[in-house]
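Q: I'd like to go over a predicted model; first the sequence, then the structure.
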Amino acid sequence: MTDALALLKTRRSVKPDQLSGPPPTAEDLDTMLGIAARVPDHGKLVPWRFIVFEGDHREEAGAAIASAYAAKYPDASGDQIYFETNRLARAPVVVAVVSSPVESQKIPAWEQQLSGAAAAQNLLLAAHALGYAACWLTEWFAYDAQVMRAFGLEEHERFIGFVHIGRFAGTPEDRARPALADIVTRFEA
Ligand SMILES: Cc1cc2nc3c(=O)[nH]c(=O)nc-3n(C[C@H](O)[C@H](O)[C@H](O)COP(=O)(O)O)c2cc1C
């Protein structure tokens with residue numbers, strides 16, 4: 001098996017609270033982001049962008065998440081507010097992949113969103129190839145208008161996900177994968 005195939009066959013999500021530091025080096029993060037940007041993109045529209053949350057800025061972002069949570073749940077406990085403030089600080093670095101479709105007569109918004117999802121997947125694979133572990137999450141706040149505004153999203157943009165990246169000692173156990181017989185058919189007229 002080639003190294004590339006071995007990597008593709010062993011990628012596994014690792015939950016944010018199992019991701020430890022130190023964070024990826026600046027060079028490694030740039031490599032991951034460059035690979036994330038190297039995806040199929042019908043019309044070369046670049047209909048996605050990335051927001052990096054690192055260092056103390058993760059808690060600053062968390063404060064915006066907690067504030068949106070408090071607005072939704074005025075009776076939230078101190079523990080819940082603390083958890084929300086810490087949401088993006090569980091992993092050493094988090095990259096939000098933002099779908100940012102552009103007006104196009106030719107390329108449907110759907111295809112532009114799919115390209116963004118490919119960028120998120122490439123980010124996971126690049127992290128894995130560099131020896132990091134990662135996880136693609138949306139959680140409730142990816143869909144919250146107050147959080148979207150706080151993180152600078154424009155009206156036409158939405159979160160594809162928050163890719164949490166860090167280190168994980170050991171090999172994560174795999175989960176069951178679908179049997180090809182259940183998901184593959186061969187077209188016959
Ligand atoms: C768009 C998207 C959003 C996701 N959001 C969450 C989430 O909020 N919480 C969660 O536990 N898993 C979420 N997942 C699933 C995990 O990323 C992951 O795929 C899952 O834990 C299975 O692990 P695997 O990647 O090793 O197969 C999401 C996946 C996708 C594609």
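A: That came through, no problem.
Q: and whichever helix in the chain runs longest, anywhere near the ligand?
A: The helix that spans the most residues within the chain, counting by DSSP state H, is helix 109-129. No. Judged by CB under 6 Å from any ligand atom, helix 109-129 stays clear of the ligand, getting no closer than 7.0 Å. From N, CA and C alone the C-beta is placed, and that goes for glycine too.
Q: from the rest of the structure, what touches that helix?
A: Helix 109-129 is contacted from outside by 7-8, 10-11, 13, 24, 31-33, 35-42, 45, 47-48, 50, 95, 97-102, 104, 133-134, 136, 160-161, 163, 165, using CB atoms under 8 Å, 6 or more residues apart in numbering.
Q: so what's the model's average confidence on it?
A: The pLDDT scores in helix 109-129 average 98.
Q: past it, which element shows up next along the chain?
A: Under the assignment DSSP states H and E, the closest C-terminal helix or strand after helix 109-129 is strand 133-137.
Q: next, the angle helix 109-129 makes with that next one.
A: Strand 133-137 runs at 160 degrees relative to helix 109-129, counting by axes from the mean of the first three to the mean of the last three CA atoms, to 10 degrees.
Q: which helices and strands does the helix or strand just after strand 133-137 pack with?
A: Note on strand 133-137: by DSSP H and E, the next helix or strand toward the C-terminus is helix 145-150. Packing partners of helix 145-150 (3 or more CB pairs under 8 Å, 6 or more residues apart in numbering; DSSP states H and E): helix 57-72.
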